[in-house]
Each structure stands twice: as structure tokens, then as C-alpha cells.
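Trainee: below: sequence and its predicted model.
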Amino acid sequence: MDLETPFRSLLSDLGLDLYDLEMVKGTLNVVVSKPSGVDLESLTKANRAISEWLDLNDPIAGRFTLDVSSPGLERKLRTATHFISTVGEIVTLRELRGTEPTRRLEGPVVAADATSVTLDDAEHGRVTVALASIERARTVFKWGAEAKPSPSRAKSVASSTKKEG
């Protein structure tokens, strides 16, 4: 049974998008997103709505666990839509190459379409990989450097909090 269509409709009513849907080892993973980010309240509402729909329609035989989550900072990439949405972002992927060793690539995505993704890998340069050859992929989150307070600023803040006498 197609779960994508009803789930997209349910989530749209909550202001959410269906990012991914996958059944893995008895767990139905539903990943939801929205442009401003997904908060705990949104996840709770999505879980409740999907759970109620599943109870009412019973589309999956046997026992399973429902897991509703957000994509997180480092999003798993599985579909052409996922890759197309990452143009300009840094991704890491493992490319299966038949009889040659698996190759790990990392770099910004410069292009993506229904069948392939092209990234600018630091070691190999611009590489185009067929989506069917990707073992796994995800976006890469790089922490920005935080400004450290200068010693003089730290002292002035510390001295202004001292109690007098």
C-alpha cells in the first residue's frame, strides 16, 4: 500500500513535509521537515496523526514500531529529491564501484538530477555518481568557529560582577 500519499496529506495539514519514509527491521521510519525547523510539539502532533491513521487503516501486516523524527543536522540522503535539495551543501557518500574498492567522497554538491549527483571532492575533483551506485549518503554539518572573548573583555566582565566590601 502507498503510505506516502496519505502521510503527505496528514503532515501538510500540520504544516509539515514528508522528508522520508522507510520500513527497516520492523520499524516504520517517518521523517518530517519544515523550512523553519521541526520542534517537539510538531513531532508529537505528527506522531499522533500518523498513529491514528495507521490504527484506522491497518495497512501493515504484523507488528511494527512507528518512529517519527526530523532529519537532523546531518540528513540521510536516499532519493533523487534529497540530492536535488542539497545542491550547494556538503555531503559525504560511499560509492559502490563493482569490482573496484568502495570509494568515499565528500564535498559540495554542484548538480543533481533523477539519476545522478555531481560533487566537488577534495581528492578526486568533480565526480558524478549514479544514485544507484550510492551505498549511503548524508549531509555534513560543519560547526562554525565561535568567537572567544578577548582577555581584556573577560576581565572587565569578571570585575564588574565582583561584590564590593
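Mentor: Received the coordinates, thanks.
Trainee: contacts for the one helix or strand E52 maps to next, please.
Mentor: For E52, the element it lies in under DSSP states H and E is helix 40-57. Here helix 40-57 makes contact (Cβ atoms under 8 Å, 6 or more residues apart in numbering) with 6-7, 10-11, 13-16, 28, 30, 32, 34, 60, 66, 68-70. To be clear about C-beta, it is placed using only N, CA and C from the backbone, and glycine gets the same treatment.
Trainee: could you rerun that using 10 Å?
Mentor: For helix 40-57, contacts defined as Cβ atoms under 10 Å, 6 or more residues apart in numbering pick out 1, 3, 6-7, 9-11, 13-16, 18, 28, 30-34, 36, 38-39, 59-60, 64, 66-70.
Trainee: flag every buried residue along the helix or strand that comes right after it.
Mentor: Once the chain leaves helix 40-57, the next helix or strand it forms, by DSSP H and E, is strand 65-69. For strand 65-69, the buried set under the neighbour-count rule, 16 or more other Cβ atoms under 10 Å, comprises V68.
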